[in-house]
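**Q** structure, please.
(chains A and B)
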Amino acid sequence: AQKITQTQPGMFVQEKEAVTLDCTYDTSDPSYGLFWYKQPSSGEMIFLIYQGSYDQQNATEGRYSLNFQKARKSANLVISASQLGDSAMYFCAMRSTFSGGYNKLIFGAGTRLAVHP
Amino acid sequence: DTGVSQDPRHKITKRGQNVTFRCDPISEHNRLYWYRQTLGQGPEFLTYFQNEAQLEKSRLLSDRFSAERPKGSFSTLEIQRTEQGDSAMYLCASSLGDRENEKLFFGSGTQLSVL
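**A** So this is what the prediction gives:
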């Protein structure tokens, strides 16, 4: 069975500092994709970054980077230079191309990030 | 491109009543998804459409739930005989394709409260 685990219910960070949000996953599929989404209080899920299982380099998108360790099955999100607007829920998600799972994302329980001034 | 829109944003109903939610995906997207999110949890997959065809339904989708996408554009999710356990945020998402790296675009959701 496929599963996403986010072990940090809540995280605090000082403005302008970096923060790492943890994500581990479980799948037996050889090919899969990993996503991070941000959900502010408005409720909309906002796509942040994507990492493919066969990508050789860690993904980066502006202040977001993904620390992908395939052997450990972890895909941690790193936010650099935190801003007050980064305060939100963050979800890690996975999509597989096998096991009939290619048509949906499976999400973790999320981490609530609070950025302090 | 106006994004994915959902209506209503909030719905309060009494137990036993029927409710219907609407989702308008991004216009060129032929994949449409419904998710349910309860407080403190991540979204859980409910069902998925490719154009007008409903291709997959989760075990979470009991026989009180029905979803349609009659012309391959907007979709509706109906819950019959609502129960207090149905209280949740119902999220709709759409995508252009189903490649491994295809990201989903989400709406702001419909928050359902069953009294």
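**Q** next one: A:Ser28 from B:Ile79, what distance?
**A** From A:Ser28 over to B:Ile79 the distance is 34 Å, taken as C-beta to C-beta, to the nearest Å. C-beta here means a position set from N, CA and C on the backbone, and glycine is covered the same way.
**Q** and the closest residue to chain B within chain A, what pLDDT?
**A** Distance from chain B to each residue of chain A (C-beta to the nearest C-beta) is smallest for A:Phe107, at 3.4 Å. Looking at A:Phe107, its pLDDT is 95.
**Q** residues contacting it?
**A** Neighbour list for A:Phe107: A:Ile4, A:Tyr37, A:Phe91, A:Cys92, A:Ala93, B:Gly42, B:Pro43, B:Glu44 [criterion: C-beta atoms under 8 Å, 6 or more residues apart in numbering or on different chains].
**Q** and these, which of them are buried?
**A** Among the contacts of A:Phe107, those scoring as buried are A:Ile4, A:Tyr37, A:Phe91, A:Cys92, A:Ala93, B:Gly42, B:Pro43, B:Glu44 (criterion: 16 or more other C-beta atoms under 10 Å in any protein chain shown).
**Q** tally of neighbours for the closest residue to A:Gln6 other than its chain neighbours?
**A** Nearest in space to A:Gln6, with sequence neighbours left out and distances taken as C-beta to C-beta, 6 or more residues apart in numbering or on different chains, is A:Gly108 at 3.9 Å. By the criterion of other C-beta atoms under 10 Å in any protein chain shown, A:Gly108 has 24 neighbours.
**Q** can I assume A:Gly108 is in contact with A:Gln2?
**A** No - if you go by C-beta atoms under 8 Å, A:Gly108 and A:Gln2 don't touch, sitting 11.2 Å apart.
**Q** the helices in chain B, which residues?
**A** In chain B, no helices are defined using DSSP state H.
**Q** thinking again about what came up before, distance of the residue nearest to A:Gln6 relative to B:Pro43?
**A** A:Gly108 is 10 Å from B:Pro43, by C-beta to C-beta.
**Q** which residues do these two both contact?
**A** Shared contacts of A:Gly108 and B:Pro43 (C-beta under 8 Å, 6+ apart): A:Phe91.
**Q** check contacts around residue 108.
**A** Since no chain was named, I'll use chain A. A:Ile4, A:Thr5, A:Gln6, A:Cys23, A:Phe91, A:Cys92, A:Ala93, B:Gly42.
**Q** should've been chain B
**A** A:Ser42, A:Gly43, A:Glu44, B:Ser5, B:Gln6, B:Arg9.
**Q** so for A:Ser28 and B:Ile79, which residue has more residues nearby?
**A** A side-by-side neighbour count of A:Ser28 and B:Ile79, using other C-beta under 10 Å, places B:Ile79 first with 23 against 10.
**Q** quick check, pLDDT for the residue nearest to the more buried one when sequence neighbours are not counted.
**A** When the adjacent residues along the chain are set aside, B:Ile79 lies closest to B:Val19, with 5.2 Å between them (C-beta to C-beta, 6+ apart). Looking at B:Val19, its pLDDT is 98.
**Q** next one: B:Val19 from B:Leu112, what distance?
**A** Distance, B:Val19 to B:Leu112, using C-beta to C-beta: 7 Å.
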